[in-house]
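1. compute the structure for the input listed below.
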Amino acid sequence: MAETLAQLQQRFAAHLRDPERQPAPDAIARRRMQVYRELYFNNLQSLLAANFPVIRRTLDDAEWLSLVRAFCRDHRAHTPLFTEIAQEFILFLDQRPADPRYPWLLELAHYEWIELALQVSDDALPAHDPQGDLLDAAPLCSPWCRALAYQWPVHRIGPAWQPTQAPAEPTLLLARRSVDGSVAFSTVSPLLFRLLERLEQFPGHSGRAHLQALAEEAGVVADPAFLANGTAMLQQLRERACILGTAR
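-> You can find the predicted model right below:
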């Protein structure tokens, strides 16, 4: 029985993903199939290298190409969109056993992906009062801001330094996109990180309620000095455009 078009397409795709184990369709000339293989792999490899430049520079050529080949062979993506392939790569890393040589690889990939995710985000800014009272009204977080917690110091990992043991304390970072589209990262204190978490979890609470809850969690009194310091943190977040203002 002659091969159907659907069967030919399945064999064609299987060979592109895993040319070492899946034979090429007989109906396609060998030289042409080689061109297709090179186009597929090289384009995907270039896209991933652009999305994960630190990982690409940190792994040697053989390790990097082997990782991309495994992604092509083993992962079944849920989207054809180029802008979402990086997220598929993270899912692939999350689902495979961690490489003991690079125990930080998944977190570093996520850290690099966040920059792309914020750059391409089309989330509209919600209605807000940019000059609202951050203490007595409800502070409103920007959708272009992320509070990030990692086991590894991902912002320091690169070709010159790859840690072998995770530090005792987590790495807490703030990622934010400016109006010009650029993305910046900064380290934050545990208290500021927890404040950002609460702002996301309880968007309708006033700044005062958030600060009082933080004081209770820390086992301290929300006295005027604590509230003043907390108000300064809220104002700092507004200046960084992580807080847009207050909800309307």
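
2. so which elements touch the longest helix along the chain?
-> With secondary structure taken from DSSP state H, the chain has its longest helix at helix 30-51. Packed against helix 30-51 by the contact rule (3 or more Cβ pairs under 8 Å, 6 or more residues apart in numbering; DSSP states H and E) you find helix 5-17, helix 61-74, helix 85-95, helix 105-120. To be clear about C-beta, it is placed using only N, CA and C from the backbone, and glycine gets the same treatment.

3. tabulate the CA atom coordinates of that helix in CSV.
-> Presented in CSV, the C-alpha positions along helix 30-51 are these (Å, rounded to 0.1, in the frame of the first residue of the first chain):
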residue,chain,number,x,y,z
ARG,A,30,19.0,12.2,0.2
ARG,A,31,20.7,15.6,-0.6
ARG,A,32,17.4,17.4,-0.2
MET,A,33,16.8,15.7,3.1
GLN,A,34,20.2,16.8,4.3
VAL,A,35,19.3,20.4,3.5
TYR,A,36,16.1,20.1,5.5
ARG,A,37,17.9,18.5,8.5
GLU,A,38,20.5,21.3,8.6
LEU,A,39,17.9,24.1,8.2
TYR,A,40,15.7,22.6,11.0
PHE,A,41,18.5,22.0,13.5
ASN,A,42,20.6,25.1,12.8
ASN,A,43,17.6,27.5,12.9
LEU,A,44,16.4,26.0,16.2
GLN,A,45,19.9,26.0,17.7
SER,A,46,20.4,29.6,16.7
LEU,A,47,17.0,30.6,18.2
LEU,A,48,17.8,28.9,21.5
ALA,A,49,21.3,30.3,21.6
ALA,A,50,19.8,33.8,21.2
ASN,A,51,17.3,33.2,24.0
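
4. for the next helix or strand after it, which outside residues touch it?
-> Next in sequence after helix 30-51, counting helices and strands by DSSP states H and E, comes helix 53-58. With Cβ atoms under 8 Å, 6 or more residues apart in numbering as the contact definition, helix 53-58 has outside contacts at 48-49, 64, 102, 105, 108-109, 112, 157-159, 162.

5. now with 7 Å?
-> Applying Cβ atoms under 7 Å, 6 or more residues apart in numbering, the contact partners of helix 53-58 are 49, 64, 105, 108-109, 112, 157-159, 162.

6. and those, which are buried?
-> 64, 105, 108-109, 112, 157, 162 (16 or more other Cβ atoms under 10 Å).
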